[in-house]
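> The following block contains a protein sequence and its predicted model.
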Amino acid sequence: MKTTRVVIAIAAAALASSLAWAAPKEIKLPQETAIYKPSTLPGYNLALQNCMTCHSAQYVSTQPSTSPRAYWDATVKKMKKPFGAPLKDEDVEPIVDYLVKTYGAEAKKTAAKEASAATPH
């Protein structure tokens, strides 16, 4: 009988300590500092609305700057399926256009075009 009480006491203590360990802990993450490069392209707002629900803007800036349109197209479609990003089919192309013109192989050409348009002739 005494042995049974000791076993029950040990089991109760083990259960109590495991429950204390499993208690939810609050984790406070730092404020997001990475942002998408602003643009007048329609895909900019779509990227803000859709892409940052799963990852930070920093993820995009780590992609190779020489990435062609096909790379960005495949990447955005991969985010939609199989990863399950909630993108509408009609939003894929504007997002790809924004990404390739802002972060990819067409970025230098786009920047030069915008600088030329901003310079008075």
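Right, received. Where do you want to start?

> Would you mind measuring from the spatially most central residue of the chain to residue 75?
For the chain, the residue nearest the mean C-alpha position is residue 55 (1.1 Å; CA atoms, centre = their mean). For residue 55, the distance to residue 75 equals 12 Å [CB to CB, to the nearest Å]. C-beta here means a position set from N, CA and C on the backbone, and glycine is covered the same way.

> same deal with residue 62?
Here residue 62 is placed at a distance of 12 Å from residue 75 (CB to CB).

> out of these two, which sits in the more crowded spot?
Set residue 62 next to residue 75 and count neighbours by other CB atoms under 10 Å: residue 75 wins out with 17 against 9.

> Please identify which helix or strand holds that one.
Residue 75 belongs to helix 69-80 when elements are defined using DSSP states H and E.

> Could you give me the buried positions within the following helix or strand past that helix?
Note on helix 69-80: by DSSP H and E, the next helix or strand toward the C-terminus is helix 89-102. Residues of helix 89-102 classed as buried by neighbour count (16 or more other CB atoms under 10 Å): 91, 92, 94, 95, 96, 97, 98, 99, 100, 101, 102.
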